[in-house]
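[1] Below: sequence and its predicted model.
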Amino acid sequence: MKSVLGYLIKITLVFVVVYVAVTAFMYFFQRRLTYLPDTTRYSPAQHRLSGVTEVILDTSDGEHIIAWYLPAKPGKPTLLYFHGNGGGLLTRSDRFKLFQDVGYGVFMPSYRGYSGSTGSPSEKANIADATLAYNHLIKQGIPPERIVLYGESLGTGVAVQTAAAHRVGALVLDSPYTSLVDVAKLSYRFLLVDTLMADRYESKAYIGRVHVPLLIMHGERDVVVPPKFSAELFKMANEPKKRVTFPKAGHSDIHYFGAFATLQRFVNTHLK
């Protein structure tokens with residue numbers, strides 16, 4: 001009996017040690033798991049993006065944010081675009097071409113540590129830098145009601161908080177979540193995610209403060225951020241709002257399945 005008890009105690013101790021070790025690793029390296037940057041600095045000209053220029057934003061804490069800027073044609077809105085957690089500006093070059101064809105302006109800042117930007121990304125830094133980007137557009141003479149905040153995946157959390165804090169014309173969310181904590185729970189159910197996560201992006205806590213037209217788009221085959229999260233966020237949002245799903249789309253490919261046309265209709269309806 002004693003030998004069995006001793007064996008169970010040893011097994012329990014091993015389990016506890018392993019759990020603590022895994023938890024500690026996940027805690028200290030969580031940002032490396034959250035942010036997956038392409039750190040290389042590319043110029044728009046290298047990828048034949050005519051009319052797109054590089055802008056450098058200087059932060060109050062001494063960092064430098066690389067952004068790509070495509071001015072809008074007369075009468076067209078400017079998208080302040082917050083990209084996802086993987087890649088960088090180069091990864092979204094095809095989207096610049098789509099927006100350019102219809103005359104939309106695009107201002108896309110990279111996060112710290114992405115695309116040549118200095119520093120390290122975090123929720124606090126990303127929200128602060130989003131405000132810096134917003135203020136830059138205002139200084140360029142773009143009226144707030146002609147700015148459309150566009151958030152993609154991780155960037156939806158940045159876009160929601162920015163929309164809650166600043167005057168804009170509309171908000172577009174591409175594959176959004178209720179909070180990053182909720183998404184993390186899908187993969188790390190055995191960890192104390194609610195306690196351990198530093199960058200939480202609690203969109204569900206901010207969406208009720210947004211009072212501009214809202215468009216949510218989501219691929220029904222998205223396994224990274226399941227569409228149930230955008231459905232929940234949509235219920236919490238104020239009118240006017242619209243949610244469109246794409247049956248054949250996954251997480252980062254909705255613009256291949258009709259999302260761009262949906263965006264155009266939304267803009268034409270709410271930003272005349």
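    Received, thanks.

[2] Quick check, central residue of the chain?
    Nearest residue to the geometric centre of the chain (Cα atoms, centre = their mean): residue 155, 1.0 Å.

[3] List the contacts of that residue.
    When contacts are counted by Cβ atoms under 8 Å, 6 or more residues apart in numbering, residue 155 touches 81, 82, 83, 84, 174. Every C-beta, even on glycine, is put in place using the N, C-alpha and C of the backbone.

[4] who's in contact with the helix or strand where residue 265 lies?
    Secondary structure assigned from DSSP states H and E places residue 265 in helix 259-270. The contact list for helix 259-270, computed with Cβ under 8 Å, 6+ apart, reads 77, 98, 102, 104, 148, 169-170, 172, 174, 213, 215, 217, 240, 242, 244, 246, 249.

[5] that older thread, excluding chain neighbours, what is closest to the residue nearest to the centre of the chain?
    In space, and not counting its chain neighbours, residue 155 is closest to residue 82: 3.1 Å by Cβ to Cβ, 6 or more residues apart in numbering.

[6] residues contacting the one you found?
    So residue 82 contacts 108-109, 126, 130, 149-152, 154-156, 158-159, 162 (Cβ under 8 Å, 6+ apart).

[7] just the helices in the stretch 101-250 of the chain please.
    With DSSP state H, counting those that start in this stretch, the ranges of helices along the stretch 101-250 of the chain come out as 123-139, 154-165, 180-187, 193-196, 203-206, 227-236.

[8] looking at these, which is buried most?
    Comparing those by mean neighbour count (mean count of other Cβ atoms under 10 Å), helix 154-165 ranks first with a mean of 25.

[9] Give me the angle between that helix and helix 180-187.
    Orientation of helix 154-165 against helix 180-187 (axes from the mean of the first three to the mean of the last three Cα atoms, to 10 degrees) gives an angle of 160 degrees.

[10] from the middle of its chain, how far away would helix 154-165 be?
    8 Å (Cα atoms, centre = their mean, to the nearest Å).

[11] So which helix or strand of this structure has the lowest pLDDT on average?
    None of the helices or strands of the chain scores lower by mean pLDDT, DSSP states H and E than helix 2-28, at a mean of 55.

[12] which sections of the stretch 151-272 of the chain are below the confidence cut-off?
    187-193 (pLDDT under 70).

[13] related to what we said a few turns ago, now secondary structure and distance to residue 49 too, for the contacts of residue 155, in a markdown table please.
    A markdown table is the format used below for the contacts of residue 155 (DSSP: H, G, I helix; E, B strand; the rest coil; distance: Cβ to Cβ, whole Å):
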| residue | secondary structure | distance to residue 49 |
| --- | --- | --- |
| 81 | strand | 14 |
| 82 | strand | 19 |
| 83 | coil | 15 |
| 84 | coil | 19 |
| 174 | strand | 20 |
